[in-house]
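J.: Sequence below, structure please.
(one chain, ligands or ions: 3)
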Amino acid sequence: MSIDLQASIPNNVNLAEDRRLQRALEAWQPNYLKWWQDLGPEGTPGYDVYLRTAISVDARGWANFGYVKMPEYRWGIFLNPAQESRVIPFGEHRGQPAWQEVPGEYRSSLRRLIVTQGDTEPASVEQQRRLGLTCPSLYDLRNLFQVNVEEGRHLWAMVYLLHAYFGRDGREEAEAMLERHSGDAEKPRILGAFNEKTPDWLSFFMFTFFTDRDGKYQLASLAESGFDPLARTCQFMLTEEAHHMFVGETGVGRIVQRSCEVMNELGTDDPAKVRAAGAIDLPTLQKYVNFHFSVSVDLFGQETSTNAANYFTQGLKGRFQEAKLDDNHTLTDGTYPVHMLHGDRIELEQQSALLAINERLRNDYIDDCQRGVDRWNKIVEKAGIGFRLRLPHRAFNRRIGAFSEVRATPEGRIVSDGDWTHRSAEWLPTAEDRAFVGALMTKPVHEPGKMAAWIAPPARGINGQPVEFEYVRFG
Ligand code: BYC
Ligand code: FE
Ligand code: FE
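T.: Residues are numbered from 1 along each chain as shown. Ligands and ions are numbered 1, 2, ... in the order given. Below you'll find the predicted structure:
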């Protein structure tokens, strides 16, 4: 299934045959481009970037690599091919034909899910806006821009659904996507993590590891939706998402590797000496893990949620890999163990499986994060260093859900406000830590193949190109 790249809005949904929709999207497009210019990667319109562009949505090779100026990137609307006679896979409508139009009674719920998803995409581009100015290499700069243009396309994916299926209020929601901004006091982005800053490259790699991974799990749940256009849109977005998590995992992994090399060269595990040698000490990396993990687990919502239960029963949002789960896919009885707060103790408690949908997805997510952390620890182990990175307890530093009411250590012990104030500098990046990391990254590295001192080179380049390939030309 190939994409019409020559159309003013590249697509594989026969946009040319729907003049009303085409006009509506063509009216939105200039606003999008203005937003990209104002709040997308700063100072980059003239750059030629070696980018991957989707040209087909089938499994065999959908990507085309070449130099592109980002404002000319082929943003568009790409859905996975329709599955013949697909049925709703879960909930009370299970087994009925998947919806090709929005069911009237679920209109506002669906719109809300699509808006929440869509809002995160431009938010992340805004958060990453200035990182290009301090890139550690051309290879990394190119990866940042690849992530940025794809998040821009993910916004297109949701805006298409709003315009195509939600009439006037869909159009208004599409406009509002470009009016809310990350960290804006008056009109912030919807979800907490997307109003945090991504001020430096360590934060960027942590963000793409932890927060883009929330994207993976949320998109996978929406890819099960009984509303077929949403399911197909999200299925294709997931193919792009994999690269974002690759950038995060290998980015942090290369920093870990460089830190270990410096420790071994100097024969020390003294953080001050590692810092003085221009690398990031492992305890500081741990604090960044603690921060980004905790704001990302918040993105899964409350431990027990009637919203999530309704989305599931109504057939709008499923579970991760729904088809692989061995139950009746309606969850009318069934229980699920949930971490609950009892006074100052955290205990696993059986709850209605239906109410526990968010917690279940959070568990799938945490398991996946743990696998990545294990791979980072392999690097440390191989270097012969005793330190291990760890995910903090899910109760640590929460703002959403039951644990937002208490203070918990990274080990999951509830402590007093006084203890927290006293000790949180051991657990979360301090202003001084952030200043140190920021100061390491004041100058960009633009020489092909060269890396900043705080990060090891990647194992290989992009698309079979060497690491020293000229991934970005500044023109
Ligand atoms: N911040 O019943 P609950 C991505 C609100 S990332 C602020 O648990 P629900 C990407 C909640 O709205 C993926 N508010 O909520 C990554 C509710 O409000 P009301 C993004 C929050 O609905 C990197 C109330 O608290 N996609 O793609 O079950 C780069 C009660 O909570 C937060 C999606 O999120 C929060 N963190 O669950 C680029 C998928 N959490 O009803 C892109 C769509 C909860 O009291 N969204 N609240 O007014 C959803 O499925 C759900 O909205 C959530 C929340 C899972 C987020
Ligand atoms: Fe995305
Ligand atoms: Fe992403």
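J.: now the nearest residue to residue 434 once chain neighbours are set aside: how far from residue 431?
T.: Among residues not flanking residue 434 along the chain, residue 199 sits closest, at 7.0 Å (Cβ to Cβ, 6 or more residues apart in numbering). Bear in mind the C-beta positions are built from the backbone N, C-alpha and C, glycine included. For residue 199, the distance to residue 431 (Cβ to Cβ, to the nearest Å) stands at 12 Å.
J.: So between these two, which is more surrounded?
T.: Set side by side, residue 199 and residue 431 show more neighbours around residue 199, with 17 against 8, by other Cβ atoms under 10 Å.
J.: Helix, strand, or coil at that one?
T.: Here residue 199 is recorded as coil under DSSP: H, G, I helix; E, B strand; the rest coil.
J.: so who does it touch?
T.: By Cβ atoms under 8 Å, 6 or more residues apart in numbering, the contact set of residue 199 is 130, 434, 438.
J.: Considering those residues, which possesses the most neighbours?
T.: With neighbours taken as other Cβ under 10 Å, the top of the contacts of residue 199 is residue 434, carrying 19 neighbours.
J.: Include pLDDT when you put the contacts of residue 199 into CSV, please.
T.: Shown next, in CSV, are the contacts of residue 199 (pLDDT from 0 to 100):
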residue, pLDDT
130, 97
434, 98
438, 97
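J.: need the contact list for residue 428.
T.: By Cβ under 8 Å, 6+ apart, the contact set of residue 428 is 287, 290, 291, 397.
J.: tell me which element the residue in the stretch 101-250 of the chain that ligand 1 sits nearest to falls in.
T.: When distances are taken as Cβ to the nearest ligand atom, the stretch 101-250 of the chain reaches nearest to ligand 1 at residue 215, 3.0 Å away. Residue 215 is part of helix 201-222, with elements assigned from DSSP states H and E.
J.: Please apply the same query to residue 303.
T.: Judged by DSSP H and E, residue 303 forms part of no helix or strand.
J.: Near it, how many other residues are there?
T.: Neighbourhood size, residue 303 [other Cβ under 10 Å]: 21.
J.: which residues sit in contact with residue 337?
T.: Each residue near residue 337 by Cβ under 8 Å, 6+ apart is listed here: 348, 349, 350, 351.
J.: Tell me which other helices or strands the helix of greatest length in the chain touches.
T.: Determined from DSSP state H, the single longest helix within the chain is helix 228-266. Using 3 or more Cβ pairs under 8 Å, 6 or more residues apart in numbering; DSSP states H and E, the elements in contact with helix 228-266 are strand 48-54, helix 107-127, helix 138-165, helix 201-222, helix 271-276, helix 282-297, helix 357-382.
J.: quick revisit: roughly how far does the residue of the stretch 101-250 of the chain closest to ligand 1 sit from residue 62?
T.: Counting by Cβ to Cβ - residue 215 and residue 62 are separated by 19 Å.
J.: Neighbour count: those two, which is higher?
T.: residue 215 (25 against 19).
J.: Wait, the more buried one touches residue 244, no?
T.: Yes. With contact defined as Cβ atoms under 8 Å, residue 215 reaches residue 244; the gap is 7.3 Å.
J.: Contact residues of this structure facing ligand 1?
T.: With Cβ under 6 Å from any ligand atom as the criterion, the chain meets ligand 1 at residues 113, 116-117, 120-121, 124, 151, 191-192, 211-212, 214-215, 218, 298-302, 305, 307-308, 317, 358, 400.
J.: Now the closest residue to ligand 2 within the stretch 201-350 of the chain. Nearest residue, chain neighbours left out?
T.: Nearest to ligand 2, among the residues of the stretch 201-350 of the chain, is residue 215, at 4.9 Å (Cβ to the ion). The shortest distance from residue 215 to any residue other than its chain neighbours is 5.6 Å, reached at residue 241 (Cβ to Cβ, 6+ apart).
J.: Of the contacts of residue 337, which is the nearest to ligand 1?
T.: Closest approach to ligand 1 among these (Cβ to the nearest ligand atom): residue 351, at 13.2 Å.
J.: how much space between whichever residue of the chain sits closest to ligand 2 and ligand 3?
T.: Taking Cβ to the ion, ligand 2 has its nearest neighbour within the chain at residue 154, 3.7 Å off. Distance, residue 154 to ligand 3, using Cβ to the ion, to the nearest Å: 7 Å.
J.: give the contact list for that residue.
T.: By Cβ under 8 Å, 6+ apart, residue 154 lies in contact with 118, 121, 237, 240.
J.: low-confidence ranges in the protein?
T.: Along the chain, the model assigns pLDDT under 70 to residues 1, 59-61.
J.: at 50 instead, please
T.: Regions of the chain meeting the criterion pLDDT under 50 are absent.
J.: Residue most distant from the centroid, it?
T.: Taking Cα atoms, centre = their mean as the measure, the residue most remote from the mean C-alpha position of the chain is residue 267, 36.8 Å away.
J.: give me every residue that touches the most centrally placed residue in the chain.
T.: For the chain, residue 212 is the residue whose C-alpha lies nearest the centre (Cα atoms, centre = their mean; 1.6 Å). Going by Cβ under 8 Å, 6+ apart, residue 212 touches 124, 147, 241, 244, 245, 248.
J.: go again using 10 Å as the cut-off
T.: Residue 212 is in contact with 120, 124, 147, 151, 241-248, 296, counting by Cβ atoms under 10 Å, 6 or more residues apart in numbering.
J.: and what of residue 130?
T.: Residue 130 touches 41, 42, 43, 197, 198, 199, 200, counting by Cβ under 10 Å, 6+ apart.
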